[in-house]
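Student: no sequence on this one, just coordinates:
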């Protein structure tokens, strides 16, 4: 084992044991009331081994934003079954795959299925999620990725899905979501399927733009988002006198690009994503989705990075976050583990990466950590997902090493419906499996908003110690309202306003532990 690896791991263990303090107290952290923060911190340590009290504390704790969540995977199977039953859809009793048109031998769903055939109902929920996957005869990886096809026929109810996910985020004390979806309904993918691929990227881009085809996909995306948000707002009563709490959660979108498609399909989706981000402020970036270990995803990985490297300078407004390192030894050939995180950052221009679970398998991973810290590339940490899909957890997870190296990190849910999780469970897993303390959790919540792709400048002039910008340096969120200079800054910057809101929530939360 290399000396440097031992040093980093000892540092991580020391942090976990509380031997050294990872986060120094800031000279001036807007919103922080040291006495209240200290009391909350001490209370947290006193209940660390008391499950009921710990869960209650974490349930109420403000958590900032969830930056890595797939909309279709965030909806719980029970909801999908209910929608399918109301639409009188059918299920294949052998595969549990849903169909809109019923065929011979299939079971038509009904609203009272859970009562009339409880066993069949339970098997459906298991098949459409990773619940009880240990008894399925499959690996967690197989069970997880197989679930999406089974409920795919009912996962087109975007407005209703947004309402459920937004409501659950509010219940978990999140204030912001970035949701991955396919806003054009696959239109750009279909365009790419017809594209004669030559490998000359500028030629491919011109061919797609010249005919106005991508423009039509962009317009379709905007119309689809408008319709979905209208339905979401109706369900949550956002335009009424007593709106649901979910209305308070701000939402932005990440365009999903299917990395398992042909080169033309992938490139067309990337192009549509960049064009849409230029046209609609709600679409803040793109991400490559589908299993990173898939044959096409592995074989075309370098090509996908080259596409991003070409498109990035043309579209400065859009952001890039990439699934990278959602791999484990044995899942793929060793060569595949050596450079996906590195290339996603240095070639694919990723400002954030999702998962990064195979860090220790990367060539020169220590130098990579230094570069990520320098570039402030954040890692979206999905503990439950990594545990179930990759069997990477506890001391085998690189979270502590990222933290010890100064790489920004924040917790995320990934696919809370399929994974049977939610944001509080992710925080609980971080405490129980990774031994995080209150100040570390608090920093992760702040970091989530600092690295959110929402428009505007940050509230912080230093995102390591969270020292506020000069306009708000004399303000305290426990003594509202903010000064005129601070309020003007907040009004002009959505990100800073979100961060200020989080600080007010922390101040209120910590006051409860007097």
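Tutor: Right, received. Where do you want to start? What you see is a predicted model; the values in this text were computed from it and never measured. Residues are numbered from 1 along each chain as shown.
Student: Contacts only, for the spatially most central residue of the chain.
Tutor: Centroid-nearest residue in the chain, with CA atoms, centre = their mean: residue 68, separated by 0.5 Å. Listed by CB atoms under 8 Å, 6 or more residues apart in numbering, the contact partners of residue 68 are 178, 180, 321, 354, 380, 382, 412-414. Glycine gets a C-beta too; all of them are placed from N, C-alpha and C.
Student: if you set the cut-off to 7 Å instead, what comes out?
Tutor: 354, 380, 382, 412, 414 (CB atoms under 7 Å, 6 or more residues apart in numbering).
Student: Are we agreed that it is in a helix?
Tutor: No - counting by DSSP: H, G, I helix; E, B strand; the rest coil, residue 68 is not part of a helix but strand.
Student: Quickly note the distance from it to residue 382.
Tutor: Per CB to CB, to the nearest Å, residue 68 is found 6 Å from residue 382.
Student: between the two, what contacts are shared?
Tutor: 354, 412, 414.
Student: What separation is there between the last one and residue 101?
Tutor: In other words, residue 414. 32 Å.
Student: of the two, who's got more company?
Tutor: Neighbour count, other CB atoms under 10 Å: between residue 414 and residue 101, residue 414 has more, with 29 against 8.
Student: The more buried one contacts residue 385, doesn't it?
Tutor: Yes - if you go by CB atoms under 7 Å, residue 414 and residue 385 touch, sitting 3.9 Å apart.
Student: Assign residue 490 to helix, strand or coil.
Tutor: Applying three-state DSSP: residue 490 is helix.
Student: who touches residue 65 in this structure?
Tutor: Residues near residue 65 by CB under 7 Å, 6+ apart: 174-177, 448-449, 452.
Student: contacting residues around the nearest residue to it once chain neighbours are set aside?
Tutor: Setting aside the residues directly before and after it, residue 65 is nearest to residue 176 in space (CB to CB, 6 or more residues apart in numbering), at 3.5 Å. Contact analysis of residue 176 by CB under 7 Å, 6+ apart lists 64-65, 249-250, 449, 452, 454, 498.
Student: 10 Å - rerun?
Tutor: Counting by CB atoms under 10 Å, 6 or more residues apart in numbering, residue 176 makes contact with 63-67, 169, 249-252, 448-449, 452, 454, 494-495, 498-499, 501-502.
Student: give me the number of residues near the closest residue to residue 405 other than its chain neighbours?
Tutor: Distances taken as CB to CB, 6+ apart place residue 369 nearest to residue 405, at 3.9 Å, with adjacent residues excluded. Neighbours of residue 369 under the rule other CB under 10 Å: 22.
Student: Please report how far residue 369 lies from residue 442.
Tutor: In terms of CB to CB, residue 369 sits 23 Å off from residue 442.
Student: for residue 366, same thing?
Tutor: For residue 366, the distance to residue 442 - CB to CB - is 28 Å.
Student: of the two, who's got more company?
Tutor: Using other CB under 10 Å, the more surrounded residue of residue 366 and residue 442 is residue 442, with 26 against 16.
Student: Spatially nearest residue to that one (excluding sequence neighbours)?
Tutor: residue 506 (6.9 Å).
Student: and if you look at residue 127?
Tutor: Nearest non-adjacent residue to residue 127, counting by CB to CB, 6+ apart: residue 96, 3.8 Å away.
Student: Surely the one you found is in contact with residue 147?
Tutor: Yes - look at residue 96 against residue 147 with CB atoms under 10 Å: they come within range, at 9.3 Å.
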